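[1] sequence and predicted structure are below.
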Amino acid sequence: MSETFTLVNPATGRGFREVRRASLDEVDATIARAVVVQRAWAGVAPVARADALRRFARVVEEHVEELAQLEVLNSGHPIESARWEASHVAQVLNFYAGAPERLSGQQIPVSGGLDVTFHEPYGVVGIIVPWNFPMTIASWGFAPALAAGNAVVLKPAELTPLTAIRLGELAVEAGLPEGLFAVVTGSGSLVGQRFVSHPNVRKVVFTGSTEVGIDVAAGCARGLKPVTLELGGKSANIVFDDANLELAAAAAPGAVFDNAGQDCCARSRILVQRSVYDRFLELLEPAVAAWRVGDPALESTQMGPLISASHRDTVAGFLEGAHIAFRGSAPEGDGFWMPPAVVLAGRDDRIARDEVFGPVVAVLPFDDEADGIRLANDTIYGLAGSIWTENLGRAVRVSRAVKSGVLSVNSHASVRYWTPFGGMKASGLGRELGPDAAEHFTETKNVFFATDPS
Ligand code: NAP
Ligand code: MG
């Protein structure tokens, strides 16, 4: 493996920077340093740890534009989305800055003394991040982990390391101890695997493909270390005949084509009750035609290019032999462009079952509520989903019956940092975000103090 990796601007297809790949010795040295720095960090008063994270949040806020521009260049995200992502990182830090003083244990009644529990940090936490949302996904791990008193070693995807590298620098500018939040660039097979195998990395958070996630979990099992997995999805957007069809059709493109469909929560299956199937497609076509694909630097752009040439080839492979109902538009020329596609699919078609991770949506009809639920659950995945209906009872029944971690009714919202996020089945293990995330980066210690030693 060469010592550097070339970053390519997805909107132009041109390489623009070389990034160093860390060697095994460098990864080990970073972990060794994190072990030392963490001991001091865990001893810092809760209020001072909270203050340090608030300072980090403020410095990120001051650099939202710079971080956003880096994401446009490195990942091809539309500038407005990238600004949202950078602001989100600051908000996540602010939210978990409230955790250090709130990580209370319990006092449990016992005779002959006092029994209390403590939420102890693991030590060093390893976080492995994919290329689709480089800074937001990183923050979901590092903010609560740091708040709970851990050190963090973070590996961005090789394709998209720039915002993570910058966040690592901003942490130091904000006054966090050097080495407490260390960003290590390099390959998954070397850096990521070292987080898994190194005995001093005591918890791993992995976001990425189900295939690699299983491998990471197996490695963590050998080291008896806990692992959080956020994996793939094939989420259903279920449209019932009693839905507001105009709203459901208008919202559907954004729910799957946002970030060019490279979103683990993408509603990449639209399940439509048969009685309104034709009408829904009629309404969907102009909504897809109006979806603005283009230069990510423009504020009017809703969707940029795909991440790489090889990923575009993979996505295009799914369209071979598929029944494409209609497509949106995309720029010509260099860059990894692909117009969105709406495919009419059968239940056993590959495009209805496998995660595409691109701007492709499969539309399938269903008969009644029971059939809709069956179809929604007919997948190995269980990350997200949406239910469109004006019937309250149905909304409650269906949202309880669909096996997914994150559902929304008459909405496609999936991610709010103060609500839990994560998948069932092959979509993952454990939850991120929400009120309890900092506690997930601790292990409980129980201590009994005898009042009458015997
Ligand atoms: P990936 O290949 O699984 O890679 C994810 C991360 O793991 C990258 O940083 C990668 O490093 C690293 N990695 C690769 N092989 C590894 C190994 N053997 N051991 C340790 N780390 C390793 O996934 P991707 O191609 O980047 O992302 C697309 C996938 O991620 C999709 O399936 C998508 O659904 C899923 N995803 C899920 C969520 C979620 O929250 N549920 C969010 C985003 C993405 P390098 O690539 O740099 O070598
Ligand atoms: Mg990969």
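    Cool, the structure landed. Ligands and ions are numbered 1, 2, ... in the order given.
[2] can we go C-alpha only for contacts and neighbour counts from here?
    Noted.
[3] ok, residue 38 touching residue 122?
    No. Under the criterion of C-alpha atoms under 8 Å, residue 38 makes no contact with residue 122, lying 9.7 Å away.
[4] hey, what's in contact with both of these two?
    Shared contacts of residue 38 and residue 122 (C-alpha atoms under 8 Å, 6 or more residues apart in numbering): residue 150.
[5] test my guess that residue 220 contacts residue 196.
    Yes. With contact defined as C-alpha under 8 Å, residue 220 reaches residue 196; the gap is 5.7 Å.
[6] of the two, who's got more company?
    Taking neighbours as other C-alpha atoms under 10 Å, residue 220 and residue 196 compare with residue 196 leading, 30 against 23.
[7] need the three-state assignment for the more buried one.
    At residue 196 the chain is in helix, as set by DSSP: H, G, I helix; E, B strand; the rest coil.
[8] where does it land on pLDDT?
    You'll see residue 196 listed with a pLDDT of 98.
[9] now do the contacts for it.
    Counting by C-alpha under 8 Å, 6+ apart, residue 196 touches 126, 204, 216, 219-220, 223.
[10] those residues into JSON lines, with extra columns for secondary structure and distance to residue 242?
    Converted to JSON lines, these look like this (DSSP: H, G, I helix; E, B strand; the rest coil; distance: C-alpha to C-alpha, whole Å):
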{"residue": "126", "secondary structure": "strand", "distance to residue 242": "46"}
{"residue": "204", "secondary structure": "strand", "distance to residue 242": "44"}
{"residue": "216", "secondary structure": "helix", "distance to residue 242": "43"}
{"residue": "219", "secondary structure": "helix", "distance to residue 242": "48"}
{"residue": "220", "secondary structure": "helix", "distance to residue 242": "47"}
{"residue": "223", "secondary structure": "coil", "distance to residue 242": "51"}
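[11] quick check, nearest of those residues to ligand 1?
    For these, the residue nearest ligand 1 by C-alpha to the nearest ligand atom is residue 216; the value is 5.7 Å.
[12] tell me, how many neighbours does that closest one end up with?
    For residue 216, the tally of surrounding residues (other C-alpha under 10 Å) stands at 23.
[13] from what I see, residue 284 and residue 249 are in contact.
    Yes. Using C-alpha under 8 Å, residue 284 is in contact with residue 249, at 5.0 Å.
[14] contact partners for the residue lying closest to residue 186 once chain neighbours are set aside?
    Leaving out its chain neighbours, the residue that sits closest to residue 186 by C-alpha to C-alpha, 6 or more residues apart in numbering is residue 21, at 4.1 Å. Applying C-alpha under 8 Å, 6+ apart to residue 21 gives the contacts 2-5, 185-187.
[15] keep those residues, but drop any that are not near ligand 1.
    Checking those against ligand 1 by C-alpha under 6 Å from any ligand atom, the ones in range are residue 187.
[16] secondary structure, distance to residue 245 and pLDDT added to the contacts of residue 21, as CSV?
    Below are those laid out as CSV (DSSP: H, G, I helix; E, B strand; the rest coil; distance: C-alpha to C-alpha, whole Å; pLDDT from 0 to 100):
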residue, secondary structure, distance to residue 245, pLDDT
2, coil, 53, 82
3, coil, 53, 94
4, strand, 51, 97
5, strand, 47, 98
185, coil, 46, 98
186, coil, 47, 98
187, coil, 45, 97
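[17] now restrict the contacts of residue 21 to buried residues only.
    Among the contacts of residue 21, those classed as buried by 16 or more other C-alpha atoms under 10 Å are 5, 185-187.
[18] which one of those is nearest to ligand 1?
    Scanning the buried ones among the contacts of residue 21 for proximity to ligand 1, where the rule is C-alpha to the nearest ligand atom, the winner is residue 187, at 3.9 Å.
[19] surely that closest one and residue 161 touch.
    No. With contacts counted by C-alpha under 8 Å, residue 187 stays clear of residue 161, the gap being 11.0 Å.
[20] could I get the full set of helices for this structure?
    24-43, 46-62, 64-75, 79-96, 134-147, 162-173, 193-197, 210-222, 245-257, 277-289, 309-319, 350-353, 369-376, 392-401 (DSSP state H).
[21] can you tell me how far the residue of the stretch 301-450 of the chain found nearest ligand 1 sits from residue 211?
    Across the stretch 301-450 of the chain, no residue is closer to ligand 1 than residue 427, which sits at 6.0 Å (C-alpha to the nearest ligand atom). Counting by C-alpha to C-alpha, to the nearest Å, the gap between residue 427 and residue 211 amounts to 11 Å.
[22] more neighbours: which of those two?
    residue 427 (27 against 11).
[23] for that one, which non-adjacent residue is closest in space?
    Leaving aside its sequence neighbours, residue 427 sits nearest to residue 231 (C-alpha to C-alpha, 6+ apart; 4.6 Å).
[24] my guess is the one you found meets residue 214, correct?
    No. In this structure residue 231 lies outside contact range of residue 214 using C-alpha under 8 Å: 9.4 Å.
[25] which one of those two has more residues nearby?
    residue 231 (28 against 15).
[26] please report phi then psi for that one.
    Main-chain dihedrals, residue 231, degrees, to the nearest 10: phi -120, psi -150.
[27] thinking again about what came up before, reformat the contacts of residue 196 as TSV; add pLDDT and distance to residue 31.
    Listed next are the contacts of residue 196 as TSV, based on pLDDT from 0 to 100; distance: C-alpha to C-alpha, whole Å:
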residue	pLDDT	distance to residue 31
126	99	9
204	98	13
216	98	18
219	98	18
220	98	16
223	96	16
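[28] what residues does the residue positioned nearest the centre of the chain make contact with?
    In the chain, the residue lying closest to the centroid (C-alpha atoms, centre = their mean) is residue 137, at 4.4 Å. By C-alpha under 8 Å, 6+ apart, the contact list for residue 137 reads 129, 207.
[29] same thing but at 7 Å, please
    residue 129 (C-alpha atoms under 7 Å, 6 or more residues apart in numbering).
[30] again, but for residue 121
    By C-alpha under 7 Å, 6+ apart, the contact set of residue 121 is 148-150, 441-443.
[31] from the stretch 251-400 of the chain, which residue is nearest to ligand 1?
    Counting by C-alpha to the nearest ligand atom, the stretch 251-400 of the chain gets nearest ligand 1 through residue 264, at 4.0 Å.
[32] now do the contacts for that residue.
    Shown in contact with residue 264 (C-alpha under 7 Å, 6+ apart): 232-233.
[33] one more: the one 10 residues further on?
    Contact partners of residue 274, counting by C-alpha under 7 Å, 6+ apart, are 365-367.
[34] filter these down to the buried ones, ChimeraX style.
    Filtering those down to the buried ones (16+ other C-alpha under 10 Å) takes a single ChimeraX command:
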select :365,366
